[in-house]
Every structure is written in C-alpha cells, then in structure tokens.
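Student: need coordinates for the following:
(chains A and B)
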Amino acid sequence: MIPLLKRILRTGILTEPPAAADIGPQGEIKRLSDETLAILGRALTIREVDAGSCNGCELEIHALNNAYYNLEGRGIKFVASPRHADMLLVTGPVTKNMENALRIAYDCTPDPKLVVAVGDCGCGCGEVGALFNENYATCGPVDNVVAVDVRVPGCPPTPLALMQGILTAVKRR
Amino acid sequence: MKLFDEPIEFAAQPGIGAPVWAGRAADGEDLLRFAIAVHRAGGRIAALWGEDARPAAGCFRLDCAFGINEGHAWVSLELPAAAVACPVYPDLAGIFPAANRMQRATRDLVGIATDGGDQRPWLRHGGWPEDWYPLRHDSAHEVGVGVGFPNLPSDYAFVQVGGEGAHEIPVGPIHAGIIEPGHFRFSVIGERVLRLEERLGYQHKGVERRLAGADFATGARLVGRVSGDSTCAYAWAYAMALEAACGVAPPPRALMLRAIMLERERVANHLGDLGALGNDAAFAFGLTQFMRLKEDWLRLNAELFGHRFMMDRIVPGGVAGDLDPAALRRMVDQCEVIGREVKALRAIYDEHPGLQDRFLTTGAISADLARELSMTGMAARATGLLLGGRCYRQGYTPPPPFDRLGVRPITDERGDVAARVAVRFDEVFESLRLLKEIAVAMPGGELRGEIAPVPGGAGLGIVEGWRGETIVGVRVGADGRLARVHPHDPSWQAWLALEHAVMNDIVPDFPLINKSFNLSYSGVDL
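Tutor: Numbering: from 1, shown residues only, chains lettered A, B, ... in the order given. So this is what the prediction gives:
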C-alpha cells in the first residue's frame, strides 16, 4: 500500500493546466470545459459506437480519459447505454453488419441528441475516407445512416481534435 | 524438397523475409494428408484463404499456410472452375479446429466450400445474397458494386445449451465500453459460464475486395488499416510479401527502422493493456498510471515518426522516414524512464492481493489446448509454448534484422490472466532492451529500394506483432497490380481460445479475461 501511495504522490496531477494561450492543448482543454459546462450545466454524456472502424479511432478516444486530457474530470463522461447519452460518438465506415445496430442505438438516444462522426472513414473525407467508401459490405460515412452534427476527420484524429469536435457539437446545439 | 515425406514438392521462398516453403497440392487428398502430417508434427494452421484465379489460371484456388517448426509451409490447391457453382475441398476443421471460421469466411467471400462440416455463414449476416460472392471477378469488380443489396439481418444458429437452470446471456454487437463490435452468446447457470459462442463479422467492410486490383501503395494504406493497433505489423508483413513476390530486399537500415516501429507498437499496446487489466479488476490506479506512460510513448512516436501510431511509415521496399542520432538518443532516454516506471508498477501489481486474487487461475488455458487451436503470440507463450517469429529456436532462424538481435523468448506456464500479465510485463522490458540495442547498432545506408511489380509473382509475409503471428499473402496480377491480398490476424485462432478460457469462470470475470487476450475484431472481420 505504501509504494502505491508514494507513486500517486510522486506522479502528482498531470492534467494539463489551463493556460492563457488559445493555441496548444492546454488552451483548448480549458475552453472546452468552460463552454461545455456553461451549456450543459454539469455534465455531458457520450455513448461511443464503433460501427466499422479499424480500432485506430478507439485508441485515441481511450486517450481522452488519460490523466493528460482528463475528459471525465471535466464533466464529460462515456456511458454504457445510449439511453443515458447526450451524444453519440460514431466511428466508421458504417458496415452493413452494423447498420441496424447503429440505427437502434440512435433511436434509443433521447432527444435532443448530438452525433459526432469520427475519423476519415466515418466522415467520408480524405484519402483514407475514399479508400473505405461504399461497397457491398459498407454503407459509407456515418451520415449515410444517421444524421451527423459534427465531423472530426483524421486517421485517426488526435485526442485534441476529438475534444474540439465534441465542443463544436455542443456549441452548435 | 519434401516436407514430412508427403508428395507435395516445396520450394523455398526467395528473399530475406520469414522462412516460407511454397508448394502445390495435386488434389484435395494431398492437402488433407499434408495437414494431418503437420498436425502430427505439432504444427498448426496459420492462415486459410481463397481466390478466384479464373482470369489468370482458369480455376479457383485455396491457399493454406501451415506453421511448422522451421517456418511456414504454404500449400495451394487449384479447384476446377467449370464443374460446379461452388467448388469444394476437404474440410480441415476436423484436424485443425481453427480452420472452421476461416473456411466459412472463404465460402462467404469466394464461393468455394468444404465438403462437409459447419456450413453456417460467417461474414455474411444478410447484407448481400447467399449466391453472390464479393471476391469473384464476375461479381463486377469496381468498388461500389453491390451497394444496392437490401440489408436483411439473418438468424444465426447458435449452439444451444439445455438443462435445468441453464440460460443465455446475449451481449453485443455494441459492447458497454469503447471497444469494437461483436456478439457474445453466454450459456450460464447462475454466474458460472458453461459455454461461450462468439459471432463476429460486424466489422466486415470488404477490405479484401478493396485490395483487389489496387496498386502497391494503395494496398499498403489499406493493409495498414486492417487493425489500427497493429498497423506496423501489418504494413511490414505486406511489404515482406511484396518484396518476396517481386524479388527485392529492403536495405538494412530500413529493416532496423521497421524493427524499432514494431517494438514501439508492442510496448504501446502492452502498456495500454496492463492499465486496462488493472482497471477491469477495479484497480483504477493501474489504468491511470499506465495510460499516462502510454501517452508519453505515443507523443514521442508523433515526434519521431510524425504519427502517433506510425501508420504508413513502413512501405513496400523500405520505410518512409528516418531517425537521426538525436532522435535515437531521445528514444533511448525515454526507454530508460519508462523501464524504471514499469518496474515500479510491476512491483505494485505483484504485491497487490486483491489484484492477484482476480488474476490468478482466472481464464486459464493449457498448452495442449493452445496447440490444438493453432494459437500463436503472447497468449500462446503464456501457456508455455515456445512460439514466436523473432526468436531463435532449434531448427528456426528468425528473419533479418531479428537474426542479429537475439530476442529473448518469453513464456509463462500458467496460462491464466496472471500469466498473460506477466508475459506482457516481460515483453515490455525485452522490447525496451531491444530498442536500446538497436539505437547503438543502426546501420547506415538507404531507406528504401525500388520495387517493380513482377506479374504473376506471389509472396507470404509473416511478422510477429504484439498479438502474435501477423500474416499477409499476396499475388500480383498480369497487369502488375494486386490480384489478391489476404491479411490474417492471430486473433482468428485466439478467439477460439477465449471461448475455452471463460468456461467455468464466472460472468463478471469475462471482461478481465477478454482484456487479457485483447483480440482484434477488425483484423478478422476485414
């Protein structure tokens, strides 16, 4: 127990502190937190749906919760059920085998709901988006299946880009 | 040359990739006999796929890669096209259970089937007609065809468990966490799991169809996105296959840089999983600590290679990008820091009674089972099997640059979650040691050689990724473009092991057991 506590103390708080600058991760994290909290009161809940990604986007979505970005510490939380969610964060391209599951998750998310499409495949943009366009097994980008509010391109998008996308969606509502 | 005194004549694959012997079976009987001989010698089925080779050879073709002690035996079987709508070959699942799902996927995609056994569809959930095969050339080849098919979800015949008090828990395709989709059907009594049956294919996005007819560079981008967490392993296996097919040897400096990327990918994934394993045993401290180390690691990836996961940095013929001495020094410095941190965290993990109580004896599989299921990689080594493409063993020489690096084989005999945790820790330390060793032994020279397509060329590339044996088979068409590319993920075999590992454990232990394997969905669904 003592080595564990010592390690916690030695690690300290790594969450990148708010900075005055508008550029760089620190500035963005601060702005995201302030604006989100102003609009939503205390919390935003997100249900992530992988509708056909290569799992690259999921790795970066995981990173959002590490100590540096500390998304949950700022009131933005991933939840297990779409029924508890304000936002669907969807990666793609949407496969035909996931099309129905995605529609059901969308229908289960209470209104007003936000949808953020993540990654070049999910957004249908860039060179990679073109490689994973519609075919016999794929419906293509997320907005071919459900209405999308904001797109976060990238292969995969960085945690910072993901945060900016989440903020943009919240602002738009 | 002959293998196991069987009639098939083999020739060694040229080049400096992983050792492969390729041969043609005269008929299904020869293939079956060879498979039995491989099994008797303790070998495994490494990959199985099909091809519509009617334009070039007037036939369909079945390709099987077998893992033998010395490397891999790649057997092709030509199936006459004219005879029946759906040509058949002998069912290998009776010899290698892992062949079952590969055979069913091959039927769904190419329309060649086994002569018996399990005929349930695997990748086709009802999104396209049963008698339409996406990898057949007469299914029109431009991407976009088949878009108009109605999506009619079909029933799937799960194996039922009966008896007093037995019931089913269906889970997925969307899971509770931030993970890929798949369906798990648990049959349980109370909390105890009697049986788990997986149904995958939800990530199927027609990657192999997209690869057909692509140029080499496009192929590299696609194969690098088969499974995002293994992008370096896939990109290298693809490059290795193409280099064998086209008779090109990548320069020594490129090989070393590939090794750096592969080991960095291994460390990144092990760090993330070690944290997540702590978290799944309600030890949030572990997740917090390891995720911060992983973030430090990925940030240096971005600085050194311009991409946090090093996507598109391994290319056919060599690598795209170099590391200067200052970058190598930064890498070595970080290895020192991360090594110290992981060592301290390991002591905490090892001495935490609550954590060890969850890890020990949970999700155990035996070495015999791992061998029967043709497993490779980290999870197989955690049962005590001495497998792994980077290490020397009696009769096997690893391909460059690992032949000069002396990678220490890491095993654990217990086969449970604790063993998979221990192997991960040891592999992190070994990879850190390798990275430091490579940094001082970097050869100079070119980063990339020219690679000119050889029409009709074929190659098999095998790379020991962090999960296990990552394989890519390639055939080049008469037009110098990719006729057929098949990427194979080690998860094909390990998914079966997971079904066994969870038996007789309790449902709440499933997330922990699942994470201890951390298998790829996209890698097998393609």
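Student: contacts only, for the residue of the stretch 151-300 of chain B found nearest chain A.
Tutor: Using C-beta to the nearest C-beta, the closest approach of the stretch 151-300 of chain B to chain A is made by B:G228 at 2.6 Å. In this view, the C-beta of every residue, glycine as well, is placed from N, C-alpha and C. By C-beta atoms under 8 Å, 6 or more residues apart in numbering or on different chains, the residues touching B:G228 are A:S53, A:C54, A:N55, A:G56, A:C57, A:E58, A:L59, A:P156, B:F309, B:M311, B:S522.
Student: so A:V94 is in contact with A:A51, correct?
Tutor: Yes - counting by C-beta atoms under 8 Å, A:V94 does reach A:A51; the two are 4.4 Å apart.
Student: quick one: common contacting residues for the two?
Tutor: Residues touching both A:V94 and A:A51 (C-beta under 8 Å, 6+ apart) are A:L102, A:G122, A:V142, A:V145.
Student: and the third one, how close does it get to B:P250?
Tutor: Applying C-beta to C-beta, to the nearest Å, the value for A:V142 to B:P250 is 38 Å.
Student: in what helix or strand does B:L77 lie?
Tutor: Taking DSSP states H and E as the criterion, the element that holds B:L77 is strand B:71-80.
Student: C-terminal to that strand, what's the next element?
Tutor: Trace forward from strand B:71-80 with DSSP H and E and the next one is strand B:88-89.
Student: can you tell me what sits against the helix or strand following that next one?
Tutor: Of the helices and strands lying after strand B:88-89 in sequence (DSSP H and E), the nearest is helix B:99-110. For helix B:99-110, contacts defined as C-beta under 8 Å, 6+ apart pick out B:45, B:47-52, B:60, B:62, B:86, B:91-93, B:112-114, B:117-124, B:133-136, B:200, B:208-209, B:492, B:495, B:524.
Student: just checking, what packs against the longest strand along chain A?
Tutor: In terms of residue count, the longest strand belonging to chain A (DSSP state E) is strand A:44-50. Using 3 or more C-beta pairs under 8 Å, 6 or more residues apart in numbering or on different chains; DSSP states H and E, the elements in contact with strand A:44-50 are helix A:56-63, strand A:76-78, strand A:87-91, helix A:96-108, helix A:159-172.
Student: that one pairs with which strands, parallel or anti?
Tutor: strand A:76-78 (parallel), strand A:87-91 (parallel) (DSSP bridges).
Student: tilt between the last one and helix A:56-63?
Tutor: In this structure, strand A:87-91 runs at an angle of 140 degrees to helix A:56-63, with axes from the mean of the first three to the mean of the last three C-alpha atoms, to 10 degrees as the basis.
Student: put the alpha carbons of strand A:87-91 into PDB.
Tutor: C-alpha atoms of strand A:87-91 as PDB (Å, rounded to 0.1, in the frame of the first residue of the first chain):
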ATOM      1  CA  MET A  87     -24.100  12.400 -27.700                       C
ATOM      2  CA  LEU A  88     -23.200   9.500 -30.000                       C
ATOM      3  CA  LEU A  89     -19.600   9.400 -31.000                       C
ATOM      4  CA  VAL A  90     -19.500   7.200 -34.000                       C
ATOM      5  CA  THR A  91     -16.600   5.700 -35.900                       C
END
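Student: tell me how far that strand is from the chain's mean position?
Tutor: Offset of strand A:87-91 from its chain centre (C-alpha atoms, centre = their mean, to the nearest Å): 6 Å.
Student: again with the shortest one
Tutor: Distance, stretch centre to chain centre, for strand A:76-78: 9 Å (C-alpha atoms, centre = their mean).
Student: same deal with stretch B:158-166?
Tutor: 32 Å.
Student: got the contact list for it?
Tutor: B:E168, B:R185, B:S187, B:V188, B:I189, B:G190, B:L194, B:R195, B:E197, B:R199.
Student: at 10 Å what do you get?
Tutor: B:120, B:167-168, B:170, B:183, B:185-190, B:194-195, B:197-199 (C-beta atoms under 10 Å, 6 or more residues apart in numbering or on different chains).
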